[in-house]
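[1] What follows is a predicted protein model with its sequence.
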Amino acid sequence: MMAVMNAPVLQATAAAEFAANWRRAGETVVFTNGHFDLLHIGHVRYLQEARSLGDHLLVGLNSDASTRQRKGPQRPIIPQDERAAMLAALRCVDGVVIFDAVDCRALIEIIRPQVYVKGADWNRSQGPRPPEAAVVERYGGRVAYVELVAGRSTSAIIAAILDRFGQTVE
């Protein structure tokens, strides 16, 4: 049997302890969050770029309930435990935390990463800012934005599958 070399799937308090220990060691903690439903190359590149901004990457994962609330009743496609396991298997990820809230302000408040990463779609001049940005900036962290892979999204993949098989998105 092959050895499992996955990052841990953590409770919020354990993630906060990991982050505090890394900071005490002088290492930079990076945090990002998302649904990561139908993991694709856009997600992988995004996470790799996020990880390059520090020494450790923690990923907040929207729970199934949170994903339904944000994305609608037909999502997620992949259950939260499987999404967490896939994220934890990526070499660039140091830990995964599943959360139920619509956003992860409370999670960021206890983890306190030095760098919080979001996709560049959250950095438009007339667009909304991530709700977590104010929390990060209040304690002295910084918000970084990573470019997304054009044309790669879970919604686009779902639409392509339905189109290919003669269905449409409801």
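    Great, that's in hand.
[2] got the contact list for stretch 122-141?
    Taking contacts as CB atoms under 8 Å, 6 or more residues apart in numbering, the residues outside stretch 122-141 that touch it are 33, 103-105, 108-109, 112-116, 118, 121, 142-143, 145. To be clear about C-beta, it is placed using only N, CA and C from the backbone, and glycine gets the same treatment.
[3] what comes up buried for stretch 16-29?
    16, 18-19, 22-23, 29 (16 or more other CB atoms under 10 Å).
[4] err, stretch 32-45, not the other one
    Quick answer for stretch 32-45 (16+ other CB under 10 Å): 32-40, 42-45.
[5] same deal with stretch 125-139?
    130, 132-133, 135-136.
[6] Just the ones in helices from the residues you listed, please.
    Counting by DSSP state H, the part of these found in helices is 133, 135-136.
[7] what about the strands in the chain?
    Applying DSSP state E to the chain gives strands spanning 9-10, 29-34, 56-62, 95-99, 115-119, 142-146.
[8] ranking those strands by burial, who's on top?
    Most buried of the strands of the chain, by mean neighbour count (mean count of other CB atoms under 10 Å): strand 56-62, with a mean of 26.
[9] What pairs with it, parallel or antiparallel?
    strand 29-34 (parallel), strand 95-99 (parallel) (DSSP bridges).
[10] quick one: the longest one to strand 142-146, angle?
    It refers to strand 29-34. 50 degrees (axes from the mean of the first three to the mean of the last three CA atoms, to 10 degrees).
[11] what about the chain, any weak spots by pLDDT?
    1-4, 168-170 (pLDDT under 70).
[12] so who does the residue nearest in space to the middle of it touch?
    Centroid-nearest residue in the chain, with CA atoms, centre = their mean: residue 33, separated by 2.6 Å. Applying CB under 8 Å, 6+ apart, we find residue 33 in contact with 59-62, 99, 104, 107, 132.
[13] how close does it sit to residue 83?
    12 Å (CB to CB, to the nearest Å).
[14] okay, and the common contacts of those two?
    residue 61.
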